[in-house]
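Asks: Dropping the sequence and predicted coords here.
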6 protein chains.
Amino acid sequence: MSAPDLTPTAKAEILLEALPWIQQFRDKVVVVKYGGNAMVDPALARSFADDIVLMHSVGIRPVVVHGGGPQIGDLMDRLGKKPEFRDGLRVTDAETLDIARMVLVGKVNRDIVASINVHGPLAVGLSGEDAGLILASARNPDLGFVGDVEAVNPAILDRLLAEGLVPVVSTIGADVAGQSYNINADTVAGAIAVAVGAEKIVYLTDIEGLRADVGDPASLIRRTTARDLQGLLDDGTLTGGMIPKVAACVHAAEHGVGSAHMIDGRVPHVLLLEIFTDEGIGTMVTKEPRP
Amino acid sequence: MSAPDLTPTAKAEILLEALPWIQQFRDKVVVVKYGGNAMVDPALARSFADDIVLMHSVGIRPVVVHGGGPQIGDLMDRLGKKPEFRDGLRVTDAETLDIARMVLVGKVNRDIVASINVHGPLAVGLSGEDAGLILASARNPDLGFVGDVEAVNPAILDRLLAEGLVPVVSTIGADVAGQSYNINADTVAGAIAVAVGAEKIVYLTDIEGLRADVGDPASLIRRTTARDLQGLLDDGTLTGGMIPKVAACVHAAEHGVGSAHMIDGRVPHVLLLEIFTDEGIGTMVTKEPRP
Amino acid sequence: MSAPDLTPTAKAEILLEALPWIQQFRDKVVVVKYGGNAMVDPALARSFADDIVLMHSVGIRPVVVHGGGPQIGDLMDRLGKKPEFRDGLRVTDAETLDIARMVLVGKVNRDIVASINVHGPLAVGLSGEDAGLILASARNPDLGFVGDVEAVNPAILDRLLAEGLVPVVSTIGADVAGQSYNINADTVAGAIAVAVGAEKIVYLTDIEGLRADVGDPASLIRRTTARDLQGLLDDGTLTGGMIPKVAACVHAAEHGVGSAHMIDGRVPHVLLLEIFTDEGIGTMVTKEPRP
Amino acid sequence: MSAPDLTPTAKAEILLEALPWIQQFRDKVVVVKYGGNAMVDPALARSFADDIVLMHSVGIRPVVVHGGGPQIGDLMDRLGKKPEFRDGLRVTDAETLDIARMVLVGKVNRDIVASINVHGPLAVGLSGEDAGLILASARNPDLGFVGDVEAVNPAILDRLLAEGLVPVVSTIGADVAGQSYNINADTVAGAIAVAVGAEKIVYLTDIEGLRADVGDPASLIRRTTARDLQGLLDDGTLTGGMIPKVAACVHAAEHGVGSAHMIDGRVPHVLLLEIFTDEGIGTMVTKEPRP
Amino acid sequence: MSAPDLTPTAKAEILLEALPWIQQFRDKVVVVKYGGNAMVDPALARSFADDIVLMHSVGIRPVVVHGGGPQIGDLMDRLGKKPEFRDGLRVTDAETLDIARMVLVGKVNRDIVASINVHGPLAVGLSGEDAGLILASARNPDLGFVGDVEAVNPAILDRLLAEGLVPVVSTIGADVAGQSYNINADTVAGAIAVAVGAEKIVYLTDIEGLRADVGDPASLIRRTTARDLQGLLDDGTLTGGMIPKVAACVHAAEHGVGSAHMIDGRVPHVLLLEIFTDEGIGTMVTKEPRP
Amino acid sequence: MSAPDLTPTAKAEILLEALPWIQQFRDKVVVVKYGGNAMVDPALARSFADDIVLMHSVGIRPVVVHGGGPQIGDLMDRLGKKPEFRDGLRVTDAETLDIARMVLVGKVNRDIVASINVHGPLAVGLSGEDAGLILASARNPDLGFVGDVEAVNPAILDRLLAEGLVPVVSTIGADVAGQSYNINADTVAGAIAVAVGAEKIVYLTDIEGLRADVGDPASLIRRTTARDLQGLLDDGTLTGGMIPKVAACVHAAEHGVGSAHMIDGRVPHVLLLEIFTDEGIGTMVTKEPRP
């Protein structure tokens, strides 16, 4: 990538702007939940891989967690598999689970690993079944193989991180009998961040951050606390697809993760901007208010 | 599993029969190429997982390498994808590669990992794209994404083995530009055995071993050398699907692997019998003749 | 050793019967108190060495503790040394101690080490004087150099076990002034098991286990608890030579050793049967009742 | 430092321009010879400290080597010490050596350490006498305590670098009898770079690089080889104060240091520009021509 | 050094007298505050270096802390710098600090390092500014750059000691903004002894030990406790230059240092006598009375 | 032990005389062959233990190798066992071997270990059968179980030395079948010194050193080379019991051991004098002449 036409001094100043952030996050784990447009658009996907590799190169230890709902839907369509509902809720039968697993582990995960590894042999794909990473249980027998996280055993992540590798995690878990389950990726990302003692968790979304009023861009919340956010969940202000992300941010911030972020994955290199510049990006959640 | 009704002394003698083999293979790597009926039959699949776990429990370091041709064919059928041929050779276009990758990494590998991990958090699935494990190149541009092994970078295997984990490898590789390829699993297994310095490589097949005359069960070859086997390849005695296995056995035996074996995967617990008993099982290939 | 004429499947099943026990005891310390007929009969002595080596080869860490009363008596006879009694108790004067030490450390221990090391350089003989292993004190000044265990310093055992070696311990201890004492081997074995955090201690005896009524083979106790056993000691049910063994079993089970066993050393390979098969062998003592 | 008013994307691109350089120099040692205006001007001195800390924060291992001729002259003046010459060469008597040592080790080195350590406890001052770092010998008895480098013992540097510290070296050495000598800092820097296996050595000078014709700025040499540079030394093209720097660059490039650089220390953050941007800065010397 | 004309047996007995002390202090840290005549007299300075090297050679880990008031005064005189007083207290302005730092770090420290390193590459000079060793604060703004110890960060000492090196510390500290301060060396020595968990701290003085009555040599205190010594400080019995030493001894003994000693640095090899012989030397301070 | 009535300065000088020797032998292995009067006389035996502990306390790694011919003879007498000869050579039958093993391992070794361990848990007794330390073979079938050293496997010694322990070795070896042999202790000591890479081997004898003329004390050889000594062996100058010692010294000096010494074990603390003082003691053998 050729950098813009700047004076050398301007370049140096931008590098130095990154210095305190590099020092702060050196050797720290940062969990990144990857999804949405950032995963679908090929240019954004390359930009994401660049950002992960740069984070890694300055000593940060990134863990990527990904979902893949639309891609699962595509393959179900192609296989003529109709979504099934029970009491209005979507059911994951054995065949659907099989399809989800093939898409997540065998396609989406592979594509992320491959795009990072263009820069060097860094990324290793994992699913929650590997080395007992995610112990799952059925959320509701009527829904089939939709799972909840019972426990995270981070040993395999700790080992890979200690070797300087970048784990890329598909959110399939298994119960003690070896039965697999599909689990919400936002929830898994938060549970992993807590289990590995991450300093930061970042959710890439298709919106510029959390809005107090979902229809009003001007209501973007820049900083908030886990307590305040829990309030918004409790009083019904927040609805729809943001709920698992927001709940996971609250959980992470309250269980030792330094900060949780929801940022706009549609902006190229948004991860770099969030981590290495003084710009305010998206929404930051912490346990206590920060100055 | 309840053992047969034997006198205690008989039981002790069988355990002691295993002693020299346990001592010989302790801390050694044994690569097992898994496929065929042993992978399709659920009872044999459980028996295979038992055997891998027993090997691991006495200090052997197994690496499982698997294929999955029939399973790939099934999904292609279901998706209405017709096999394409050019000059009589089967072509792997981008869509076929995608399907192969989903089936191998997202289904077959997952099933093996899950069946081993019923015994504990031991197995970790990998594809050749992870951490640069398999560097591939196109075999023939006309055939699309069918690859050859350019190099094996065993660092990720060494790390997982050092942690007491059991790697399960899908035979997808990537070239330096990040393009993936499907590679013959028999060939990959041999290359991995050489790269990790394995003591032994075992191919599970659907036949009781190598026959001098393929139609004559009485012509089973019990022991042979790499040199003699190369002779059978060169003079056209061996044909068909056994060729990649046999060539890989020759390659492994000539590049430092202590012995290469072709054994009958249809026999329950055949791996245990091969490794821990004095019985002659299948065909053994070594560099030099052994007494 | 050639195993009996069994079907391959039967052999595999016996090996698999051992799997859960291998997994359970992997990297665990098992203390074996060796004595009686098992030590005197040459065939049983070879069988014992086989069993220790097999335990070691599957990752268990055995520690052998031995006595040698009859052998000491033999040398005293040959030297024309008469046993001396005071108030009806046997006295160990300096010359007797010297004889005991020569026989235990210089003969019995040597024979055990040599029979194990036929299988490889595994065993290392120790007495309690080495590296301060057993700190002793006089039991009763009138009895001379008969000692009690004041403390066990397991550092030298921990080091040898960490190197994959098999310690063989003669039960001579020394006090802070360097004076040596002969100590009851059953008692020392229990104290060592506690000090090294053993998972299991096994006493080889000349009887099939502990009997509620010593004259009635049908009264064999299969499983009991430390508390119940203490009751039998307290109410005088148990008498004679079993008392030190039983007291040591109670002590071990109450101080962190997973289970204590009294088994019949006259049965070939009884150690293997106790550890690797589902058979009930002899008497097992645990802190809490087990299902 | 607040970075210039750029679009986020421009910022990201400048950070990404640094990525390949960060990857290339990660965990590598870079020796920086610090002196001239960059050391005298307080703003440049802060800029230098910033640059060293940024290099360190992305995983590079900098070693700073400094001189201090003008500062030594200042203290000599204040103490009324006249420079002494013999046969036209300057003499370093015991008093002059004492003054040089106080200024270099007790003032210049301290100031560099202090300015780096404002960012964290990173820098450790050393002189060549510490832990036998520089073994010296008299250059010429008539000149007193002017020394040559006999040998560099890099053990103390290796240890400090392994702990993530930044050594700052004053170029005083000692002979085997403990007598100290003042040594040319350019020469010491090159010898240290060779001894620690540095990837790069950078000389900060008061000129923009090496000129083929010292009076002609347009004759700046951008890239050259050790062989060509040796030619310029041999044929007398180069003269005066650049000779020790140039000779040290030749020596370093020919003894395993990847590249040697002479750059303009008067430019703020010139170290960052040299290392992390694609700009051509000053003069680069390598063993072989590079594309 | 040639030893006196003694019988071999007498020599052996002196060596054996040292044995229990060598065993007691093996691998322990001993902080030695060096100053006074022992530093000024060249023969005593060599004797001191011998003693430090002998301590090191038998496995003790010495840390040397030094002052240098008279040497600072000398250079101030030569530079025509007049001592300045405010309200009767001496002021350390920037120029005085500069002079102190040059003398301590650039001359006194160097001389100690050089005299030790004649025996091998053992000593490494440090000031409190290196790697954040001593965090200082201004004692009193009116006095300029006279500092107090805010905190000791012993990481750099621990690292050098772990490598078998001998740290020699100049007592300059720095505050968080990088400003340096001159600090009383007696106080720093005590703070360092506490921070590194020293077993012993020894102050070399120009008197044979602490006297109850400063004018009466017969009032030498051989052993005392921190509590009793604090009493002498509180009731005004002790005055003048001994106060910082005595206060530091009290502080050290009450914060985990085994014993603190004030001994006569004018006696050749007094350190050896204090540490390796049964002689009573100077004054020993402990927390609790010792027999 | 109370040291003689010397001035403090004289004491310091004797300690300093030891300094260069302590530095030279720090972390080096010194093998001491112990026997003769030094082992029989209780005061000398305590003096020997003191010396070994002092060597250990200053960082030397001693290995003690001992014989015990007279003690074996005593027990044979008491047991009424007559020495047997064949063709004039003494025969070691199974019973004699048993007696030798009991005496060496169970008595002599024990006494040495106990006397050292009065100073702390340092010594560990070994025989050559432990962990395969000494592989032996029959010297001559007619002589029974008299062995030669086939090979030394120093792994167990290396491990114990690395843990700071003092191995005490009885010179019984075993062949691959587990049969034990009694081996000449002088020979074993030399073979062990070579195998562990000792810096020095010291033989304690009952004479003040090697004499050119055995009957003439004035013919004591102070220093010699392996080559010259071999000459004395070859030309028949040396005879009798010194031959194995001398041959072992030649072998050690020619196979990497820095020096071999024969010294007078009847002198108290002769080991300390040899190692830590400048006195010339006994006979020193080196490969090359030393100044």
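Replies: Good, I have the coordinates. Quick caveat, the model's predicted, so the values are computed rather than measured. Numbering: from 1, shown residues only, chains lettered A, B, ... in the order given.

Asks: How many neighbouring residues does whatever residue of the stretch 151-291 of chain A ends up closest to chain F have?
Replies: Nearest to chain F in the stretch 151-291 of chain A, going by C-beta to the nearest C-beta, is A:Ala162, at a distance of 26.3 Å. C-beta here means a position set from N, CA and C on the backbone, and glycine is covered the same way. Close neighbours of A:Ala162, defined as other C-beta atoms under 10 Å in any protein chain shown, add up to 11.

Asks: Next one: it from chain E, what distance?
Replies: The gap separating A:Ala162 from chain E is 22 Å, by C-beta to the nearest C-beta, to the nearest Å.

Asks: what's A:Glu129 sitting at in phi/psi?
Replies: The phi/psi pair for A:Glu129 (degrees, to the nearest 10) reads phi -80, psi -20.

Asks: Nearest spatial neighbour of it, chain-adjacent residues omitted?
Replies: For A:Glu129, ignoring the flanking residues on the chain, the nearest one in space by C-beta to C-beta, 6 or more residues apart in numbering or on different chains is A:Ala174 at 4.5 Å.

Asks: What strand or helix carries A:Lys245?
Replies: helix A:242-254 (DSSP states H and E).

Asks: And the strands in the stretch 1-150 of chain A?
Replies: A:29-34, A:61-66, A:84-86, A:89-91, A:123-127, A:134-138, A:147-152 (DSSP state E, counting those that start in this stretch).

Asks: To chain B, which of those lies closest?
Replies: Taking the strands of the stretch 1-150 of chain A one by one with C-beta to the nearest C-beta, strand A:123-127 is closest: 4.5 Å.

Asks: quick one: is the closest one near chain D?
Replies: No - if you take C-beta under 8 Å from any C-beta of the partner chain as the test, strand A:123-127 misses chain D, and the best it gets is 14.8 Å.

Asks: Count the residues that sit near A:Trp231.
Replies: Residue A:231: Gly, not Trp. Close neighbours of A:Gly231, defined as other C-beta under 10 Å, add up to 14.

Asks: Tell me the buried residues in stretch A:282-291?
Replies: By neighbour count on 16 or more other C-beta atoms under 10 Å in any protein chain shown, the buried set for stretch A:282-291 is A:Gly282, A:Thr283, A:Met284, A:Val285, A:Thr286, A:Lys287.

Asks: For that stretch, C-alpha coordinates in CSV please.
Replies: Extracted in CSV, the C-alpha atoms of stretch A:282-291 (Å, rounded to 0.1, in the frame of the first residue of the first chain):
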residue,chain,number,x,y,z
GLY,A,282,-18.0,4.1,17.6
THR,A,283,-19.2,3.2,21.1
MET,A,284,-16.9,2.3,24.0
VAL,A,285,-18.2,0.4,27.1
THR,A,286,-16.3,0.2,30.3
LYS,A,287,-17.1,-0.9,33.8
GLU,A,288,-16.4,2.4,35.4
PRO,A,289,-16.8,5.8,33.7
ARG,A,290,-13.5,7.0,32.2
PRO,A,291,-12.4,10.6,31.8
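
Asks: From chain F, how far off is A:Val40?
Replies: Relative to chain F, and taking C-beta to the nearest C-beta, A:Val40 is found at 58 Å.

Asks: Would you mind listing what in chain A touches chain D?
Replies: Close to chain D, as judged by C-beta under 8 Å from any C-beta, chain A has residues A:1-4, A:6, A:8-19, A:22-23, A:26, A:50, A:53-54, A:57-59, A:119-120, A:267-269, A:272-273, A:276-279.

Asks: closest one to chain C among the strands of the stretch 1-150 of chain A?
Replies: strand A:134-138 (19.0 Å).

Asks: coming back round to it: what about the residues of chain A next to chain D, which are in helices?
Replies: A:8-19, A:22-23, A:50, A:53-54, A:57, A:272-273, A:276 (DSSP state H).

Asks: Report the buried members of those residues.
Replies: Buried among these by 16+ other C-beta under 10 Å: A:8, A:10-19, A:22-23, A:50, A:53-54, A:57, A:272-273, A:276.

Asks: Near chain C, list only the ones from these.
Replies: Answer for those near chain C: none qualify (C-beta under 8 Å from any C-beta).

Asks: partners of the residue nearest to A:Glu129 in the sheet?
Replies: Beta-bridge partners for A:Ala174, by DSSP bridges, are A:Leu135, A:Ser180.

Asks: Correct me if wrong: it contacts A:Asn153.
Replies: No - applying C-beta atoms under 8 Å, one finds A:Ala174 not in contact with A:Asn153, separated by 11.2 Å.

Asks: ok so, going back, export the strands of the stretch 1-150 of chain A to JSON lines and append columns for mean pLDDT.
Replies: JSON lines is the format used below for the strands of the stretch 1-150 of chain A (pLDDT from 0 to 100):
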{"stretch": "strand A:29-34", "mean pLDDT": "98"}
{"stretch": "strand A:61-66", "mean pLDDT": "98"}
{"stretch": "strand A:84-86", "mean pLDDT": "80"}
{"stretch": "strand A:89-91", "mean pLDDT": "79"}
{"stretch": "strand A:123-127", "mean pLDDT": "98"}
{"stretch": "strand A:134-138", "mean pLDDT": "96"}
{"stretch": "strand A:147-152", "mean pLDDT": "96"}
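
Asks: in the stretch 151-291 of chain A, what residue is nearest chain D?
Replies: Distance from chain D to each residue of the stretch 151-291 of chain A (C-beta to the nearest C-beta) is smallest for A:His269, at 3.5 Å.

Asks: circling back to that earlier point, mind putting the strands of the stretch 1-150 of chain A in CSV, mean neighbour count included?
Replies: Below are those laid out as CSV (neighbours: other C-beta atoms under 10 Å in any protein chain shown):
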stretch, mean neighbour count
strand A:29-34, 28
strand A:61-66, 25
strand A:84-86, 12
strand A:89-91, 13
strand A:123-127, 29
strand A:134-138, 21
strand A:147-152, 19
